[in-house]
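>>> I'd like to go over a predicted model; first the sequence, then the structure.
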Amino acid sequence: MLVDGVAAVSPLPGADAGVVAFRTGGVLHATVITKATFAFAPDAPMSRVDPQPILREEVHHGDNPARSVRFTSDLVPYLARADVLFTGHGYAPPGEPKERVTTRIVVRAGERVLLDKSLLLKDTRGFQKMPIVYERAFGGPDVPDNPLGIGAGIDEGEPTVVSPEGARRPAGFGPIARAWPLRKRLLGATPRSTLEGRIAEIPPRFDGSYFQAAPPDQRIDFLRGDEHLLLEGLHPSLPRLATRLPGARGVARLFGLSAFGIPEGQPMQLCTDTLRIDGDEQRCTVVCRRWIQLPHEEALDALRVVAGVEVAGEPAAWFEPQRRAAGPPSSGKPAHAPASTLALPPEVEHAAPPGPALPFRTSPPSTRGSEFAAPPRLPLPPPSALFASNAAAETTAAPEVQPPAFAAASQEQAAPARMLDLLWFDARSLPRIRKQPAWRKILEALADEPLDPDIDDPDLGLEPAEVEERREIFEVMAHGEPLGEQAILSALRSAVRKDGRFVAPLVLVEGELVMAFDDIEALRALVAVVGPLAGGDERSKEAVAAARAYLGAADPLRDRAAARELAAAIEAAFAQAKKRSAAPAEVASRVERILLENRCYERRAVLGARHLRASLRLPCADREVPVYVPEALAEVLPMFTRFSVRMVAEAHLPAEERDGHPVALRAVGITRVGRGEGAGSVAR
């Protein structure tokens, strides 16, 4: 299963690329693979560096096949889920050798945690640095999950890389070798050699989880490319490193298919299914792939591909690949990699014999996969949606779906992973926004772009100046780089002049906005729901009566702490009632609905005006940041208690004594961030 002799593939600048072929059930497929590498950037998006080349085979530590695997082969036909892999060392705080260090990897997509895994490193002699390899974890020759480990035999040393779930469990962040029993048994009766020829022959019911190299608890949904990473105890100088991917996505264009009515340069969006974190090199590599169905091997020979990894704000530099004369077929034996810092194999040859080709279908960009306990089969789409019959695949006839439909399907599949909906902005802040150096560059680039009436004037009634204002703030929201918690604090400190004068700086942030409800109104809603449900339960009725007396008092000033105590008493009494007509969870849901429908948000008179009080959950941050939104937006905000946003805000000193954060944000522009899967993923 090699790149050589399969198809001509050319990488875009800043990426490497390849193509592998496989056949299952008599149907031929080609998988486009591309990858890019990014350097760590504390509290900021990573920056692109020279890509790790396509890896033809496993790369072992020390280039020694008897040791554990450092990097897996990229020549994989498909993955049902994304592999997250880490190789490197764990570190005690600089200058403070420790006997025990907890290491942790967190991957977040917005507010959603995709992976949160910890390992304990320990050594009674104390250490400053320890390699996290399977040779130091529990295992041994008779342990299928880790045949290279220690501790399972008699008179062996104790493991120094330990799982929090138990000392006698294999533990690690790195890849599982394909020769280990844990993966090898998934081959079943299939000889491994059939998967390694020029065209891999995969039985129809082959267990596809064989291709997953990550430990089962490190397999996640396919990546969007802008995930936030948190590494604890895994960096030599930073005990806690927060960074994020820079909006990377795999893209490709297909060539050589015009004889079948498929236009040259047909676009295809790839699935990001591998995140390879190299702690020693302080960089991440993303691998993207996607397969297409072909009618026969002549089509495979004709296929030409340009592929790479786009980054937000850096459009791909597309080009048409050159044809090359046909050469001899590949031997099917991978070249051996010379020893180097990364022990990487030589670069892949990016050409192959030309000829006619036809991609019948592309694989679906699935976002979910099976758990390890129920391994995925080959993720082929159903025939009615994406598959031609085997009989059709053996002919040179035109595709079952005509070119326009094929193009439309590809465009639909290539839709952005998220949606940005501009809810509101304060035009009075635009002069300051235009002066920000980073945002000024974005706006200068916008000046050369034509107007898009659907986006720039959705109501078809704005004045020209209003259209331009909306256009500018939306551009900053969409393409500006959001700041993490530490970067916000740094901006706050930088805004203090030498003589102590302070002007609140503008910052762009992204996270989950959590709305706060008014305590008095929350109690009123709870009484409205529980009152009719209390029935014959005396405790519930007494608690409701006490709350009604409190709410009906003539004194306009009410203690909010008392309101919270009365609400807690009602909830406790109702939860303990022997007979009730609704579950406590249903009561909470109904109360929340009343509060949302009536916009009973907590309000504060701060920063010179009336505001709604909320909080912002930043990715990889331990505490929420207070946020103040103009009161007039109560009916503009979506009816969710929490939802993802991008927000331009003024970073102020704390506005309330109770705030537990050194910053208070006052919103001057809010964009809602949604996901393509539907409203359920937009907010919750």
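That came in fine, so what should we check first?
>>> partners of the longest strand that the chain contains, with directions?
Taking residue count as the measure and DSSP state E as the definition, the longest strand of the chain comes out as strand 112-127. Strand pairing for strand 112-127, determined by DSSP bridges: strand 98-109 (antiparallel), strand 161-162 (antiparallel).
>>> So which of those is nearest residue 661?
Between residue 661 and the strands paired with strand 112-127, the shortest separation by Cβ to Cβ is 19.4 Å, and it involves strand 98-109. C-betas here are computed from N, CA, C, even on glycine.
>>> Go through that closest one and flag the buried ones.
Residues 98, 101, 103-109 are the ones in strand 98-109 that count as buried (16 or more other Cβ atoms under 10 Å).
>>> same for the following helix or strand past the longest strand of the chain, what does it pack against?
Sequence-wise, the next helix or strand downstream of strand 112-127 (DSSP states H and E) is strand 129-131. Using 3 or more Cβ pairs under 8 Å, 6 or more residues apart in numbering; DSSP states H and E, the elements in contact with strand 129-131 are strand 89-91.
>>> Output the strands paired with strand 112-127 as JSON lines; include the columns mean pLDDT and distance to residue 29.
Formatted as JSON lines, the entries for the strands paired with strand 112-127 read as follows, by pLDDT from 0 to 100; distance: least, Cβ to Cβ, whole Å:
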{"stretch": "strand 98-109", "mean pLDDT": "94", "distance to residue 29": "28"}
{"stretch": "strand 161-162", "mean pLDDT": "94", "distance to residue 29": "38"}
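>>> out of those, nearest to residue 586?
If you check each of those against residue 586 by Cβ to Cβ, strand 98-109 wins as the nearest, at 30.1 Å.
>>> quick one on the thing from earlier: which of the buried residues of strand 98-109 lies closest to residue 316?
Of all those, the one with the least separation from residue 316 (Cβ to Cβ) is residue 109, at 22.8 Å.
>>> ok, the residue lying closest to the closest one once chain neighbours are set aside - contacts?
Taking Cβ to Cβ, 6 or more residues apart in numbering as the measure, residue 109 lies nearest to residue 227, with 5.2 Å between them; neighbours along the chain are not counted. Going by Cβ atoms under 8 Å, 6 or more residues apart in numbering, residue 227 touches 107-109, 114, 244-245, 275.
>>> same deal with residue 135?
For residue 135, counting by Cβ under 8 Å, 6+ apart, the contacting residues are 67-68, 148-150.
>>> How about residue 506?
Each residue near residue 506 by Cβ under 8 Å, 6+ apart is listed here: 429, 432-433, 436, 648-651, 668.
>>> So what's the predicted local confidence for it?
The pLDDT attached to residue 506 in the predicted structure is 96.
>>> Quick check: bridge partners of it?
Beta-bridge partners of residue 506, as defined by DSSP bridges: residue 650.
>>> so how far is residue 652 from it?
Distance from residue 506 to residue 652, counting by Cβ to Cβ, to the nearest Å: 11 Å.
>>> And for residue 317?
Using Cβ to Cβ, we find residue 317 at a distance of 42 Å from residue 652.
>>> Please identify which of the two sits among more neighbours.
Taking other Cβ atoms under 10 Å, residue 317 and residue 652 do not tie; residue 652 has more neighbours (19 against 11).
>>> So residue 160 sits against residue 132, correct?
No. Taking Cβ atoms under 8 Å as the definition, residue 160 is not a contact partner of residue 132, at 9.5 Å.
>>> Break the protein down into its structural domains.
Domains of the chain are assigned by automatic domain parsing as 8-86+191-203+246-411, 418-515+601-681, 519-597.
>>> most tightly surrounded among those domains?
Across the domains of the chain, averaging neighbours per residue (mean count of other Cβ atoms under 10 Å) puts domain 8-86+191-203+246-411 on top, at a mean of 19.
>>> For it, give the mean pLDDT please.
This predicted structure assigns domain 8-86+191-203+246-411 an average pLDDT of 70.
>>> next helix or strand past the helix or strand hosting residue 589?
Assigning secondary structure by DSSP H and E places residue 589 in helix 584-597. Later in the chain than helix 584-597, the nearest helix or strand by DSSP H and E is strand 603-606.
>>> Using CSV, list the CA coordinates for that following strand.
Provided in CSV are the C-alpha atoms of strand 603-606 (Å, rounded to 0.1, in the frame of the first residue of the first chain):
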residue,chain,number,x,y,z
ARG,A,603,-29.0,42.8,35.5
ARG,A,604,-26.4,45.2,36.8
ALA,A,605,-25.9,49.0,36.7
VAL,A,606,-22.2,49.0,36.1
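>>> Show me what secondary structure element comes after that strand.
Next along the chain after strand 603-606, with elements defined by DSSP H and E, is strand 609-617.
>>> Give me the contacts around that next one.
Outside of strand 609-617, the residues that reach it under the criterion Cβ under 8 Å, 6+ apart are 111, 509, 511-516, 601-605, 624-631, 633-634, 637, 642, 645, 647, 665-666.
>>> Not counting residues beside it along the chain, what's closest to residue 58?
That would be residue 69: by Cβ to Cβ, 6+ apart, it lies 4.9 Å from residue 58.
>>> List the residues that contact the one you found.
By Cβ under 8 Å, 6+ apart, residue 69 lies in contact with 58-61, 174-177, 213.
>>> What strands line up against the helix or strand hosting residue 34, and which way round?
For residue 34, the enclosing helix or strand under DSSP H and E is strand 27-39. The pairing partners recorded for strand 27-39 under DSSP bridges are strand 16-24 (antiparallel), strand 47-49 (antiparallel), strand 283-294 (antiparallel).
>>> so how far is the longest one from its chain's centroid?
Between the mean C-alpha point of strand 283-294 and the mean C-alpha point of its chain there is a distance of 15 Å (Cα atoms, centre = their mean, to the nearest Å).
>>> helices and strands around the strand or helix carrying residue 673, which ones?
Secondary structure assigned from DSSP H and E places residue 673 in strand 664-675. Contacting strand 664-675 under the criterion 3+ Cβ pairs under 8 Å, 6+ apart are the following elements: strand 418-425, helix 464-479, strand 506-515, strand 625-630, strand 642-652.
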